[in-house]
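Engineer: heads up, no residue letters with this:
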């Protein structure tokens, strides 16, 4: 008797395989015979005997759905088949981005090429550097402006909060993405008015191409200062937070709160940044007003009076200062370089370790005379090497 395919006998039958690849994908070769692979829970002695490609403790594992279910040399889960497969080599093309996980230093580049690294850089104040790679990198991520400060009232006289500073990403000195700061809370009789949140944008809404040696600049907007009052009736507005555009200062008496992230748009008692002082927060005129965040990382000074002054606006990434709205409280300066002033809005350094933006980023002041929270910028890019250098 001659067996087809050039195979010999396997017991009383003709063999039909020599290796697994001689069989259909649903079978494996055992003693010269193609045998159906076992489902999850079937007994086994080797990985090729299981539909999942994994035999553990003499039992077939169920089909994989994530890479963490795969062990040994076969550390990737091919979700289309439920089988654990060997690592994809550096530079190999793949059909599913998930096949890169755990094998290629963290991810796949555009075009599904393994061997690159997904990088996250959280900016909490100010960043200026050039693309350190010899090839283009594509940047996306999250950007939010600083929140406006809340107004404060006592004895039915109020001071409006300062506007938050804008966050921005610039390439070659020109703005690519600008997110405005929130408006300061306006005066409202005997009730404080909360500041509004800064605007924000999250991947994939923005996308930036950065060429080799091209400069990248990032401003993180500070929160606007809270607006207090003085019992004599002359209210103190908070200073605006600094950023690419500083927020306007708070208004005097019954005016509106400063508008965040605009030029010359402070309330009646304050001024926003103009072209000659881009980045500086606006402040009110007079000792009862908190100073705006400077055109840098330094927070604005608190109002001069200890009996009702506005809080200072945050510097780049700094939280807005707390105003005094309780008669004898002392106002606080705005936070500097991503810092948080006592009792004021949260500075961006609060989220320095975060790769996903918390809800509190860029929030407006939500208590009487409280400064707004700072903005935040999270950059995400794929490195063309296995190192994150930006």
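Structural biologist: Perfect, thanks for sending it. Bear in mind that the values here come from a model prediction, so they are computed numbers and not experimental data. Numbering: from 1, shown residues only.
Engineer: ok, now which ones touch the residue nearest to residue 160 when sequence neighbours are not counted?
Structural biologist: Closest residue to residue 160 apart from its sequence neighbours, by CB to CB, 6 or more residues apart in numbering: residue 257 at 3.7 Å. C-beta: built from backbone N, CA, C; applies to glycine. Counting by CB atoms under 8 Å, 6 or more residues apart in numbering, residue 257 touches 148-149, 151, 160-163, 183-187, 193, 195, 224, 227, 237, 248, 250-251, 267.
Engineer: which among those end up buried?
Structural biologist: 148-149, 151, 160-163, 183-187, 193, 195, 224, 227, 237, 248, 250-251, 267 (16 or more other CB atoms under 10 Å).
Engineer: on that earlier part again, may I have the phi/psi pair for the residue nearest to residue 160?
Structural biologist: With angles defined as degrees, to the nearest 10, residue 257 sits at phi -70, psi 160.
Engineer: Check the gap between it and residue 44 for me.
Structural biologist: Distance of residue 257 to residue 44, given as CB to CB, to the nearest Å: 70 Å.
Engineer: One more: residue 22?
Structural biologist: Applying CB to CB, the value for residue 22 to residue 44 is 20 Å.
Engineer: tell me which element residue 218 is part of?
Structural biologist: In the assignment (DSSP states H and E), residue 218 maps to strand 215-219.
Engineer: same for that strand, what does it pack against?
Structural biologist: Applying 3 or more CB pairs under 8 Å, 6 or more residues apart in numbering; DSSP states H and E, one finds that strand 215-219 contacts strand 126-130, strand 167-171.
Engineer: Would you mind putting the ones you listed into CSV with mean pLDDT, mean neighbour count and distance to residue 217 alongside?
Structural biologist: Shown next, in CSV, are the helices and strands packed on strand 215-219 (pLDDT from 0 to 100; neighbours: other CB atoms under 10 Å; distance: least, CB to CB, whole Å):
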stretch, mean pLDDT, mean neighbour count, distance to residue 217
strand 126-130, 95, 14, 5
strand 167-171, 94, 25, 4
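Engineer: for residue 152, helix, strand, or coil?
Structural biologist: At residue 152 the chain is in strand, as set by DSSP: H, G, I helix; E, B strand; the rest coil.
Engineer: Tell me how many other residues crowd it.
Structural biologist: 39 (other CB atoms under 10 Å).
Engineer: On the strand side of things, show who it bridges to.
Structural biologist: With DSSP bridges as the criterion, the beta-bridge partners of residue 152 are residue 159.
Engineer: My read is that it contacts residue 321, right?
Structural biologist: No. Counting by CB atoms under 8 Å, residue 152 does not reach residue 321; the two are 11.6 Å apart.
Engineer: joint contacts of the two?
Structural biologist: The contact sets of residue 152 and residue 321 overlap at 226, 310 (CB under 8 Å, 6+ apart).
Engineer: Regarding the closest residue to residue 297 other than its chain neighbours, which helix or strand does it belong to?
Structural biologist: Once flanking residues are discounted, residue 297 sits nearest to residue 337: 4.1 Å by CB to CB, 6+ apart. Element membership for residue 337 (DSSP H and E) is empty, with no helix or strand holding it.
Engineer: Next one: residue 337 relative to residue 53, how far apart?
Structural biologist: 52 Å.
Engineer: The residue nearest to residue 297: what's it in contact with?
Structural biologist: Counted by CB under 8 Å, 6+ apart, residue 337 has contacts 125, 297-298, 315-318, 349.
Engineer: Please report the distance of the residue nearest to residue 160 from residue 237.
Structural biologist: Taking CB to CB, one finds residue 257 at 7 Å from residue 237.
Engineer: Could I get the buried residue list for stretch 38-52?
Structural biologist: Residues of stretch 38-52 classed as buried by neighbour count (16+ other CB under 10 Å): 38, 42, 44, 47-52.
Engineer: What of stretch 378-390?
Structural biologist: By neighbour count on 16+ other CB under 10 Å, the buried set for stretch 378-390 is 378-384, 390.
Engineer: and of these, the nearest to residue 129?
Structural biologist: residue 390 (7.0 Å; CB to CB).
Engineer: what's the nearest residue to the closest one if we skip its chain neighbours?
Structural biologist: Ranked by CB to CB, 6+ apart and with sequence neighbours excluded, the top spatial neighbour of residue 390 is residue 121, at 5.9 Å.
Engineer: can you check residue 208 too?
Structural biologist: residue 139 is the one closest to residue 208 (CB to CB, 6+ apart), at 4.4 Å.
Engineer: Show me the shaky parts of the stretch 201-350 of the chain.
Structural biologist: 229-236, 251-255, 263-278, 283-289, 305-308, 325-329 (pLDDT under 70).
Engineer: the strands in it, which residues?
Structural biologist: Taking DSSP state E, counting those that start in this stretch as the test, the strands found in the stretch 201-350 of the chain are 208-210, 215-219.
Engineer: out of the ones you listed, deepest packed?
Structural biologist: strand 215-219 (a mean of 21; mean count of other CB atoms under 10 Å).
Engineer: number of nearby residues for the closest residue in space to residue 388 that isn't next to it in sequence?
Structural biologist: In space, and not counting its chain neighbours, residue 388 is closest to residue 119: 3.7 Å by CB to CB, 6+ apart. Residue 119 is flanked by 18 other residues according to other CB under 10 Å.
Engineer: can you check the one 3 residues further on too?
Structural biologist: For residue 122, the tally of surrounding residues (other CB under 10 Å) stands at 19.
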